[in-house]
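Participant: When you get a sec, could you give me coordinates for this:
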Amino acid sequence: YRKHEWDKHGTCAATLEVLNSQKKYFGKAIELYQHVDLNGCLLKVGIKPSSSYYKMTAIKEALTRFYGVTPKIQCLPPEEGEKAQTIGQIEFCFTKELQLVNCTAREGGSNAVQAHLKLGTSELSVCNDTLPTYYPSEVQ
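Facilitator: Numbering: from 1, shown residues only. All right, here's what the predicted structure looks like:
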């Protein structure tokens with residue numbers, strides 16, 4: 001997994017002095033992850049990993065208000081017979097100077113360093129704002 005992440009994202013990031021080795025790249029990723037403290041931020045507004053459902057709009061608003069930028073949130077669609085979607089990935093984007101930046105403004109832009117926080121799955125899609133949303137404890 002680590003090799004895949006380095007080959008796919010790290011080699012691009014390696015043009016930056018601060019990220020130009022595997023050690024620096026993964027070390028910086030952990031540092032940024034701790035700095036972002038996603039669970040702590042959501043907890044402050046009463047959103048915690050649980051079996052109850054939340055409104056996607058409330059989650060988005062909380063994150064945008066807290067961080068001042070729009071992250072990219074992807075979900076697993078509801079399973080057969082279920083009504084709620086599940087958050088699978090919350091992605092924050094950074095400039096080359098490692099400042100948080102709107103993910104939406106960077107679609108297709110190659111100079112955003114993306115921090116992937118996700119469940120190991122491939123069927124993620126854009127979350128539906130109208131569906132009840134489950135926030136599982138596995139989302140990092």
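
Participant: Work out the gap between the longest helix seen in the chain and the centre of the chain.
Facilitator: Ranked by number of residues, the top helix in the chain under DSSP state H is helix 22-36. Its chain's C-alpha centre and that of helix 22-36 lie 14 Å apart, by CA atoms, centre = their mean, to the nearest Å.

Participant: Follow the chain on from that helix and name the next helix or strand.
Facilitator: Sequence-wise, the next helix or strand downstream of helix 22-36 (DSSP states H and E) is helix 38-44.

Participant: how about that following helix as CSV, C-alpha atoms only?
Facilitator: Extracted in CSV, the C-alpha atoms of helix 38-44 (Å, rounded to 0.1, in the frame of the first residue of the first chain):
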residue,chain,number,x,y,z
LEU,A,38,-11.0,15.6,11.4
ASN,A,39,-12.7,13.6,14.2
GLY,A,40,-12.0,16.4,16.7
CYS,A,41,-13.4,19.0,14.5
LEU,A,42,-16.7,17.1,13.8
LEU,A,43,-16.9,16.1,17.5
LYS,A,44,-17.1,19.8,18.4
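
Participant: If we go by neighbour counts, what in it is buried?
Facilitator: Going by neighbour count (16 or more other CB atoms under 10 Å), the buried part of helix 38-44 is 38, 42. The way it works is simple: take the backbone N, C-alpha and C, and place the C-beta from them, glycine included.

Participant: again, but for stretch 61-72
Facilitator: 62-63, 66, 69-72.

Participant: Which one of those is nearest to Phe92?
Facilitator: Pro71 (5.0 Å; CB to CB).

Participant: Would you confirm that the closest one contacts Phe94?
Facilitator: No. Contact criterion CB atoms under 8 Å: Pro71 and Phe94 do not qualify, at 11.1 Å.
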